[in-house]
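Q: fold the following for me, if possible:
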Amino acid sequence: MTEILAQWHLLGLVIGLGTFLIIGLFHPVVIKCHYYFGTGCWWWFLVVGIAALAASVAVGDVMWSSLLGVFAFSSFWTIKEVFEQEQRVRKGWFPSNPKRKQ
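A: Just a heads-up that it's a prediction; the model follows:
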């Protein structure tokens, strides 16, 4: 598949689209994870990021390796965003979960 995309000069477009979708996916994930689990879920993103990073190194295909790398570093960035989401909730920009102990 990568050969066909590279032949038609579409590999960069597919990687760019995948990057866009991965980053877009993480925005609601941060909000939902913080709402239901608070900042205690940060280590999930660390584990997922390390696994995706290892997979990115192990995969030989450029497209999948790139997308796994983007996914890994998006997971690492999400750790920061979960803690920033805590501040946004304190400011009243997002609702806090009334069922979760503060």
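Q: now do the helices in this structure.
A: With DSSP state H as the criterion, the chain has helices at 2-7, 11-37, 42-58, 62-90.
Q: and of these, who's closest to Lys101?
A: Lys101 sits nearest to helix 11-37 of all those, at 11.5 Å, using CB to CB. For glycine as for every other residue, the C-beta is placed from the backbone atoms N, C-alpha and C.
Q: okay if I get the helices of the chain as CSV plus mean neighbour count?
A: Converted to CSV, these look like this (neighbours: other CB atoms under 10 Å):
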stretch, mean neighbour count
helix 2-7, 12
helix 11-37, 15
helix 42-58, 15
helix 62-90, 17
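Q: need the contact list for Val29.
A: Val29 is in contact with Thr78, counting by CB atoms under 8 Å, 6 or more residues apart in numbering.
Q: what does the pLDDT read for it?
A: Val29 is assigned 96 on the pLDDT scale.
Q: also Gln7?
A: 81.
Q: same check, this time on Ala52
A: Ala52 is given a pLDDT of 98.
Q: my read is that it contacts Phe76, right?
A: No: taking CB atoms under 8 Å as the definition, Ala52 is not a contact partner of Phe76, at 9.4 Å.
Q: follow-up on the earlier one: nearest to Lys99, out of the helices of the chain?
A: Proximity to Lys99 (CB to CB) singles out helix 11-37 among the helices of the chain, at 8.9 Å.
Q: quick one, the closest one and helix 42-58 angle?
A: If you take axes from the mean of the first three to the mean of the last three CA atoms, to 10 degrees, helix 11-37 sits at 160 degrees to helix 42-58.
Q: with distance to Lys99 added, can I get the helices of the chain in CSV?
A: Formatted as CSV, the helices of the chain follow (distance: least, CB to CB, whole Å):
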stretch, distance to Lys99
helix 2-7, 46
helix 11-37, 9
helix 42-58, 20
helix 62-90, 14
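Q: weakest of those helices in terms of mean pLDDT?
A: Across the helices of the chain, the lowest-scoring stretch is helix 2-7, with a mean of 78.
Q: which other helices and strands contact that helix?
A: Under the contact criterion of 3 or more CB pairs under 8 Å, 6 or more residues apart in numbering; DSSP states H and E, helix 2-7 touches helix 11-37, helix 62-90.
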